[in-house]
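Q: Sequence first, predicted model second:
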Amino acid sequence: MVVPVIRKKIGEILCDSAYLDSAKLEQALQDQSRQTHRSLGNILIGRGMISQSQLNEALAHQASIPAVDLEEITIDSKAISQVPAELVSKHNLIPLRQNNGHLDIAMSNPFDTHAIEEIKLVTGLGINRHFCHPNSLEKAILKHYGSNVARMLENLAPTEAPSLEELADSDDYSAAKLHELAREPSLVNLVNLILLEAIEARASDVHIEPFEHELKTKYRIDGVLVERAPSPKRLQAAIISRIKIMAHMNIAERFVPQDGHIEFKTNDGKVDIRVSTIPTIFGEAVTMRLLDRSNALITLEDLGMNNLTLDGFSSCLSKSHGIILVTGPTGSGKTTTLYAALNKIFSPSLKIITIEDPVEYQLEGIVQMPVNAKRGLNFATGLRHILRQDPDIVMVGEIRDRETADIAVRSALTGHLVFSTLHTNDAAGAVTRLIDMGIEPFLLGSSLQAVLAQRLVRQICPSCKQPYKPDESLIRNLNNSIRIEPGAMLQHGVGCNECMNSGLKGRIGIFELLRITEQMRQLIADRPNTEQILKCASDDHVSMRHDGICKVLEGLTTPEEILRVTQDNDEINAD
């Protein structure tokens, strides 16, 4: 007697996998009873209770399609050669092995019959389906076929695309042709893919750089440029034109710099992209700054400050008036720190206004004003008008000139708490810079509360972190007011898929907090130099190099990273 196999219902499988609970399942079943034309899976996805991948996994389990862990198996190179990269990208699958006239294929959607029929047609083999998770699949495709962008570029190089010289012959023809090229579906997909790949790689910037024979693409990941697959020169006009159309720029103007903005939609939400173009001898170069809104929600505690710096900085935030400055070069995280400070002290009872160039992130409950130089609205003008709005706290994106600095100082002296940034190498340099701008030293000494200098260093990848014994000469170069003993074991990353074999993933801040004491206020009135300011600092003051060495000893970063970001600083505190 044959015992019939009773298949589990899809809802049961989802509950068994902990993707769904019984209460939500019951809600969806009630909806299905009222909407008989809709499947339970579509209802669950529509209500945001499960993802498409989770549904595919449950359906594969119900249909007895085996699941495969791509990290646990060896993929046969012969199978890889059977399926071209174009089909792999198109259908999001990867061949595993070939055996007895059949090809095993891992798919995130094993019910894609069109994909299966196309693979059958190309290979002439029978197909055995396997389910795998999309993230695991993408890593395997990247390993065996290269990046999506690289694969697409292999098949996308329109020989009919005109050269730059041909485009320059006639402005009318060139503008029309550029629009035509930029709207080609293949070009649209390529530019979208470049942006998606950059977002997935956690890039902060994308650089498109034209050279004589190729168009280079680079991503800035954790503060360091990484070069990706270059594009053929004949695609240059179409790629750059597509970006300019997305950013609402003048596509026909190729000989003056332009700025634009893209709001790019992904599965995880919207990404704001600031676009800048400049003319070069080989065409227009494009830089795109990717603004991750999640950074605006970071707390002070997550920035990487040690307890002493965090307590000192937090106490300065509780002041009713004065100036608090954050210093460092471009890209050192100054704005993120100021946003974290504003989020910490925000209260409905306080009126907080900012003026920024541009407004990078929108903060709930805070009035934000963008600089508009074309209409005469600069930091100084904006700050002057902000003070007429009866604010309690003011944030000025950057102090660039004497007028802005003077208004900020006088605002602090009249009962406002003012936050701003300066481009100086260290905390003490902010004092001398403001005096050099023409601020009266006794006014500066009376208004300044604290200066926080910072840098961002790359963290060791947690997936491939290992102990090692560093070179003694490296340790000698690094030693400061805190020392690393010879023979000490430190940590570094050996490289893995998670960090793209760099050994480093993510960034953390190193900080120097200079709190202005009464003794220092008197010193500032005498126009001191940076060495005198540091000697007058409190006994618990530490430099960025010192803070960095502490993070090396904690296993958070490497000596090379600390040397890289602090090599321009005068380590007057060094023993």
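A: Ah, there it is. Numbers count the residues shown, from 1 in each chain.
Q: what is the mean pLDDT for the one helix or strand F511 maps to?
A: Assessed by DSSP states H and E, F511 sits inside strand 504-515. Taken as a whole, strand 504-515 has a mean pLDDT of 93.
Q: ok, E398 - how many residues close by?
A: Close neighbours of E398, defined as other CB atoms under 10 Å, add up to 17. The C-beta positions use only the backbone N, C-alpha and C, and glycine is treated the same way.
Q: Can you tell me the closest non-neighbouring residue to it?
A: What sits nearest to E398 in space, not counting adjacent residues and going by CB to CB, 6 or more residues apart in numbering, is T421, at 5.0 Å.
Q: May I have the residues that are in contact with that neighbour?
A: Residues in contact with T421 (CB atoms under 8 Å, 6 or more residues apart in numbering) are 325-328, 334-335, 338, 397-399.
Q: Then S347?
A: If a contact means CB under 8 Å, 6+ apart, then S347 has no contacts.
Q: quick one on the thing from earlier: is it fair to say the residue nearest to E398 lies in a strand?
A: Yes. Per DSSP: H, G, I helix; E, B strand; the rest coil, T421 lies within a strand segment.
Q: So in the protein, where's the weakest helix or strand by average pLDDT?
A: The helix or strand of the chain with the poorest confidence is helix 164-169; it has a mean of 42 (mean pLDDT, DSSP states H and E).
Q: strands paired with the helix or strand harbouring E284, and their directions?
A: Using DSSP H and E, E284 sits in strand 283-291. Take DSSP bridges as the rule and strand 283-291 pairs in its sheet with strand 203-210 (antiparallel), strand 269-280 (antiparallel).
Q: Mean neighbour count, those: which tops it?
A: Mean neighbours per residue, mean count of other CB atoms under 10 Å, is largest over the strands paired with strand 283-291 for strand 203-210, with a mean of 20.
Q: So what touches that strand?
A: 194-195, 198, 215-221, 223, 225-226, 236, 239-240, 243, 280, 282-290, 292, 331.
Q: can you check stretch 275-282 too?
A: Under the criterion CB under 8 Å, 6+ apart, residues 164, 209-212, 240, 243-244, 246-247, 249, 254-262, 284-289 lie in contact with stretch 275-282.
Q: Buried ones among those?
A: In terms of neighbour count (16 or more other CB atoms under 10 Å), the buried residues within the contacts of stretch 275-282 are 164, 209-210, 240, 243-244, 246-247, 249, 254, 258, 260, 262, 284-289.
Q: separation between R402 and S447?
A: When distance is defined by CB to CB, to the nearest Å, R402 is 15 Å away from S447.
Q: The two: which is more packed in?
A: Using other CB under 10 Å, the more surrounded residue of R402 and S447 is S447, with 23 against 14.
Q: picking that back up, mean pLDDT lowest where, among the strands paired with strand 283-291?
A: Among the strands paired with strand 283-291, strand 269-280 carries the lowest mean pLDDT, at a mean of 90.
Q: Let me know whether I366 touches K351 as I believe.
A: No. In this structure, I366 is not within contact of K351 by CB atoms under 8 Å, at 9.3 Å.
Q: so how far does stretch 289-302 reach from one end to the other?
A: Its first and final residues considered, stretch 289-302 spans 23 Å by CA to CA, to the nearest Å.
Q: pLDDT at the residue nearest to E398, what is it?
A: For T421, pLDDT reads 95.
Q: What sits closest to D357 if chain neighbours are left out?
A: Leaving out its chain neighbours, the residue that sits closest to D357 by CB to CB, 6+ apart is V371, at 3.8 Å.
Q: who's in contact with that neighbour?
A: 355-358, 377-379, 382, 397.
Q: before we move on, the earlier item: who does the strand holding F511 touch, helix- and strand-wise?
A: helix 307-317, helix 427-437, strand 448-460, helix 544-553, helix 559-566 (3 or more CB pairs under 8 Å, 6 or more residues apart in numbering; DSSP states H and E).
Q: got the angle for that strand vs helix 559-566?
A: Angle, strand 504-515 to helix 559-566, by axes from the mean of the first three to the mean of the last three CA atoms, to 10 degrees: 50 degrees.
Q: Can you give me the buried ones in strand 504-515?
A: Under the neighbour-count criterion of 16+ other CB under 10 Å, strand 504-515 has 504-505, 507-515 buried.
Q: Tell me the one among those nearest to A106.
A: Nearest to A106 out of these is K505 (CB to CB; 26.0 Å).
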